[in-house]
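Student: the following block contains a protein sequence and its predicted model.
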Amino acid sequence: MNPAALLAALGRPALALLAAIGRLTLFVTDTLSHLFRPPFYLRELRDALISVGYFSLPVVGLTAFFTGGALALQIYSGGARFNAEAVVPQIVAIGMVRELGPVLAGLMIAARVTSSIAAEIATMKVTEQIDALVTLSTNPMKYLTLPRVLAATIAGPILVGIADIIGIFGGYTVATGRLGFNTAAYLQNTVDFIQFTDITSSLVKGAVFGFIAAMMGCYYGMNSGRGAQGVGRATKLSVVAAAVMILAANYMLTGLFFTS
C-alpha cells in the first residue's frame, strides 16, 4: 500500500469520528438553546419524569440491593485473608456511594430509558409524526428532546441517591444477617466513614449520567434511518453509546473529585 492510500485509510475513520462529534455537539447545543425560551411543555416534562424516574425505581433498587450484598460478601472474604473483616461497613459504604451506586444507576437508566427514548422517537420519525409536528409549528427539539433530557437530568441524582441507600442496606442485611456483624456498630461505622464530598460526587454523577442517557436516546432517535431496521439500529447504537459515555464520564468525574 502506497503512503497516500495508507493516509487515506487512516484519515477516513478520524474524519468520520470528528464529524460525529460535531453533529452531537450541535445537537446538544440546539437542545440546550431551548431551555429558557417559551413555550414550555410542562405536561411532557411531567410524563417524562414519571417514565424516567418512577418507573426506573424497581430495576435500580433491585440492582443496588443485590450488588451491595454481593460486595459485602466479597469484602469479607477478601479481608479474611489479612484479618481485616471489620472494614466491611466502610468499604461497602464508600464503594456504593462513590462508584457502584452512580454507575449501576446510570447503566440501568441507559438500558431502560435510552432504549425507550430512541425507539419512541425513531418510530415517530419513521411514521412521519415528527414532520407533522413541524407542520403544526411545533419544534421537535423543544417538544420531544428537551423534556426528556431535563427529566433524566433531574431524576438521575434521585435515582442514584436511592441506589446508594438501598445498596448500603443490602450490604447491611448480609453483614448483620449472615456474617455476624453488630447492627449498631455497622451503622455507626457507615455513618462515620462517609464524607460530604462522597455524597456530592455521587449526586453530580447521577445528573451527568441521566443527561447522557437521555441525550443519546434523543440523538439517535432523531437521526435514525427509515424502516424497522433503522429503528432497531438507532436503539442499539443509543444504548451502546450511552453506556460507553457514562463509563468514560465516571472516570473523568472521579478524577475531578478525588485526585488532588
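Tutor: Perfect, I can see it now. Residues are numbered from 1 along each chain as shown.
Student: closest to the centroid, which residue in this structure?
Tutor: The residue lying closest to the centre of the chain (Cα atoms, centre = their mean) is Gly106, at 2.6 Å.
Student: could you measure from Thr254 over to Gln90?
Tutor: Applying Cβ to Cβ, to the nearest Å, the value for Thr254 to Gln90 is 18 Å. In short, each C-beta sits where N, CA and C put it, glycine included.
Student: cool, and Gly11?
Tutor: Gly11 sits 51 Å away from Gln90, going by Cβ to Cβ.
Student: out of the two, which sits in the busier spot?
Tutor: Neighbour count, other Cβ atoms under 10 Å: between Gly11 and Gln90, Gln90 has more, with 16 against 10.
Student: quick one: contacts of whichever strand or helix holds that one?
Tutor: For Gln90, the element it lies in under DSSP states H and E is helix 88-95. Here helix 88-95 makes contact (Cβ atoms under 8 Å, 6 or more residues apart in numbering) with 68, 71-72, 75-76, 79, 167-168, 171-172, 175, 179, 181, 185-187, 189-190, 193-194, 198.
Student: next secondary structure after that helix?
Tutor: helix 101-109.
Student: what mean pLDDT does that next one get?
Tutor: Per-residue pLDDT values across helix 101-109 average out to 93.
Student: give the next helix or strand downstream of that helix.
Tutor: Following helix 101-109 toward the C-terminus (DSSP H and E): helix 115-126.
Student: thinking again about what came up before, next up, the contacts around the residue nearest to the residue nearest to the centre of the chain when sequence neighbours are not counted.
Tutor: Nearest residue to Gly106, sequence neighbours excluded (Cβ to Cβ, 6 or more residues apart in numbering): Phe209, at 3.2 Å. Phe209 makes contacts with 102-103, 105-106, 109-110, 156, 160, 246, 249-250, as judged by Cβ under 8 Å, 6+ apart.
Student: top of those residues by neighbour count?
Tutor: Busiest of the contacts of Phe209 [other Cβ under 10 Å] is Ala105, holding 34 neighbours.
Student: who's in contact with that one?
Tutor: Ala105 neighbours (Cβ under 8 Å, 6+ apart): 60, 63-64, 156, 159-160, 163, 206, 209.
Student: what about 6 Å?
Tutor: The neighbourhood of Ala105, defined by Cβ atoms under 6 Å, 6 or more residues apart in numbering, consists of 60, 159-160, 163.
Student: farthest pair within the residues you listed?
Tutor: Farthest-apart pair in the contacts of Ala105 is Val60 and Val160; separation 8.5 Å (Cβ to Cβ).
Student: what ranges does the stretch 1-150 of the chain have for its helices?
Tutor: 3-33, 42-52, 57-79, 88-95, 101-109, 115-126, 129-135, 140, 146-177 (DSSP state H, counting those that start in this stretch).
Student: how about the ones you listed, which one is nearest Gly221?
Tutor: helix 115-126 (2.8 Å).
Student: could you list the alpha-carbon positions for the closest one in PDB?
Tutor: C-alpha atoms of helix 115-126 as PDB (Å, rounded to 0.1, in the frame of the first residue of the first chain):
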ATOM      1  CA  SER A 115     -33.500   2.400  24.500                       C
ATOM      2  CA  SER A 116     -37.100   3.500  25.100                       C
ATOM      3  CA  ILE A 117     -36.500   7.100  24.100                       C
ATOM      4  CA  ALA A 118     -34.600   6.100  21.000                       C
ATOM      5  CA  ALA A 119     -37.200   3.600  19.900                       C
ATOM      6  CA  GLU A 120     -40.100   6.000  20.500                       C
ATOM      7  CA  ILE A 121     -38.500   9.000  18.700                       C
ATOM      8  CA  ALA A 122     -37.200   6.800  15.800                       C
ATOM      9  CA  THR A 123     -40.700   5.300  15.400                       C
ATOM     10  CA  MET A 124     -42.200   8.800  15.300                       C
ATOM     11  CA  LYS A 125     -39.700   9.700  12.600                       C
ATOM     12  CA  VAL A 126     -40.500   6.600  10.500                       C
END
